[in-house]
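Q: mind folding the following:
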Amino acid sequence: MQADVLVENHGSVCMVTPMSLAAHTWVDENVQPEGWQWIGASFSCEPRYVPYLIEGMQDDGLMIEF
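A: Purely as a prediction, here's the structure:
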């Protein structure tokens with residue numbers, strides 16, 4: 001089964017890439033990153049917020065890949 005979201009930890013910043021339509025919809029409804037946070041298909045996020053993102057995504061049935 002393919003992941004809906006790819007999360008990459010780069011130390012001082014994490015990159016979160018929605019890979020499915022469900023993940024894009026979830027981000028639009030729950031996160032709404034600013035335009036400057038987007039780098040290509042991924043948005044940047046402070047590592048301290050990532051566990052909350054992952055928990056919310058998984059609670060709503062999304063598959064996460066690290």
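Q: can you pull out the helices in the protein?
A: 21-30, 50-59 (DSSP state H).
Q: so which of the ones you listed is nearest F43?
A: helix 21-30 (7.5 Å; CB to CB). To be clear about C-beta, it is placed using only N, CA and C from the backbone, and glycine gets the same treatment.
Q: who are the packing partners of the closest one?
A: Applying 3 or more CB pairs under 8 Å, 6 or more residues apart in numbering; DSSP states H and E, we find helix 21-30 packed against strand 14-18, helix 50-59.
Q: how about low-confidence regions in the chain?
A: Of all residues in the chain, none has pLDDT under 70.
Q: give me the residue at the spatial middle of it.
A: Centroid-nearest residue in the chain: V16, 3.6 Å away (criterion: CA atoms, centre = their mean).
Q: list the beta-bridge partners for it.
A: V7, F43 (DSSP bridges).
Q: please tell me I have it right and it contacts Y52.
A: No. With contact defined as CB atoms under 8 Å, V16 does not reach Y52; the gap is 11.7 Å.
Q: could you list the buried residues of stretch 9-27?
A: Across stretch 9-27, burial judged by 16 or more other CB atoms under 10 Å covers C14, M15, V16, T17, P18, M19, A22, A23, W26, V27.
Q: wait, the first one touches S44, no?
A: Same thing as C14. Yes. If you go by CB under 8 Å, C14 and S44 touch, sitting 7.2 Å apart.
Q: how much distance is there from stretch 6-16 to the middle of the chain?
A: Distance of stretch 6-16 from the chain centroid (CA atoms, centre = their mean, to the nearest Å) equals 9 Å.
Q: also stretch 18-29?
A: Remark: stretch 18-29 is offset 8 Å from the chain centroid, using CA atoms, centre = their mean.
Q: same check on stretch 54-61?
A: Offset of stretch 54-61 from its chain centre (CA atoms, centre = their mean): 10 Å.
Q: would you indicate which residues of it are buried?
A: Buried-residue list, stretch 54-61, by 16+ other CB under 10 Å: I54, M57.
Q: stretch 27-39 too?
A: Counting neighbours by 16+ other CB under 10 Å, stretch 27-39 gives V27, V31 as buried.
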